[in-house]
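Novice: got a sequence here, can you model it:
(one chain, ligands or ions: 1)
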Amino acid sequence: MINYLAEGLSALKIKLTDHVLQKEIEFIDEMLRWNKRINLTSITDRKEAIEKHLIDSLMLLKYLGDTEIVLDMGSGGGFPGIPLAIAEPKIKFVSIDSVGKKINFQKHIKRKMGLANLSIYHSRVEELTQQGFGETNYPLIMSRAFSSLQMTIDYALPLLTTGGRVLAMKGPEGESELENLGSLLKKHHFMEPEVSNYTLPYSQAERSIIVLTSNQPDKSDK
Ligand SMILES: C[S@@+](CC[C@H](N)C(=O)[O-])C[C@H]1O[C@@H](n2cnc3c(N)ncnc32)[C@H](O)[C@@H]1O
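Specialist: Next up is the predicted model:
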């Protein structure tokens, strides 16, 4: 299975050490084991989970840049945050989801795999600031299959630093959602969005990453 993961990543020009690949497989196997008891994902096939969860999440490695901290909104069973936290131990990942059983699974993984760079919170994103969990200023906020683009922006805005980036991982619907935003991006001081379309290596499923960069002059203007 390590070769299956390595070759799939290689098709997307991503290379990880054997040690990291091994840990990624360990994580996905534990997720599939828990999935038999609690519903974390509809995907039950190991190869499909490797492609659609691990490889897809690890696409974001290309977008992390030199950030020190990232917020993962609506992380569910830990995607994309946990595969990225395994691959990038120097970056701090903050993972939040509103469903307790999913958060319990993530906490189990943190303990089992010793992921010191992962913080996990059980909360709705919109309550994060009120509850005073972790940081409230993130230079990078990501989400995968989370909410509409409009809601993603609404949730991210109060938590995003000036000049910060929002990375929204979407299916093929991403571009049409972007078109429907109208003047919202301008209103909230986002620069022209960047859209990267890619194809998963085995299923040829289409995905997109939408990058929204804030050029808000002063956060208090929001
Ligand atoms: C379709 S799942 C995607 C999970 C994960 N990001 C993935 O790619 O597998 C959406 C997740 O967002 C969470 N969610 C939805 N609205 C939320 C909110 N307002 N605050 C926190 N989590 C939320 C749900 O509990 C669910 O786990």
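
Novice: what about the longest helix in the chain?
Specialist: helix 18-35 (DSSP state H).

Novice: need the next SSE after that helix, C-terminal direction.
Specialist: Next helix or strand after helix 18-35 toward the C-terminus (DSSP states H and E): helix 46-49.

Novice: by contact count, what packs against that following helix?
Specialist: Under the contact criterion of 3 or more C-beta pairs under 8 Å, 6 or more residues apart in numbering; DSSP states H and E, helix 46-49 touches helix 18-35. (Each C-beta comes from the backbone N, C-alpha and C, glycine too.)

Novice: do the helix it packs on and the ligand meet at all?
Specialist: No. Against the ligand, helix 18-35 shows no contacts by C-beta under 6 Å from any ligand atom, the least distance being 10.0 Å.

Novice: packing partners for that helix?
Specialist: Packed next to helix 18-35, using 3+ C-beta pairs under 8 Å, 6+ apart, are helix 2-11, helix 46-49, helix 81-87, helix 100-113.

Novice: that one vs helix 2-11, what angle?
Specialist: Calculated by axes from the mean of the first three to the mean of the last three C-alpha atoms, to 10 degrees, helix 18-35 forms an angle of 110 degrees with helix 2-11.

Novice: what are the buried residues along helix 18-35?
Specialist: Across helix 18-35, burial judged by 16 or more other C-beta atoms under 10 Å covers 20, 21, 23, 24, 25, 27, 28, 31, 32, 34, 35.

Novice: any chance of the residues you listed in JSON lines, plus distance to residue 124 and pLDDT?
Specialist: Output for the buried residues of helix 18-35, formatted as JSON lines (distance: C-beta to C-beta, whole Å; pLDDT from 0 to 100):
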{"residue": "20", "distance to residue 124": "32", "pLDDT": "98"}
{"residue": "21", "distance to residue 124": "34", "pLDDT": "98"}
{"residue": "23", "distance to residue 124": "30", "pLDDT": "98"}
{"residue": "24", "distance to residue 124": "29", "pLDDT": "98"}
{"residue": "25", "distance to residue 124": "32", "pLDDT": "98"}
{"residue": "27", "distance to residue 124": "25", "pLDDT": "98"}
{"residue": "28", "distance to residue 124": "27", "pLDDT": "98"}
{"residue": "31", "distance to residue 124": "23", "pLDDT": "98"}
{"residue": "32", "distance to residue 124": "27", "pLDDT": "97"}
{"residue": "34", "distance to residue 124": "23", "pLDDT": "97"}
{"residue": "35", "distance to residue 124": "23", "pLDDT": "96"}
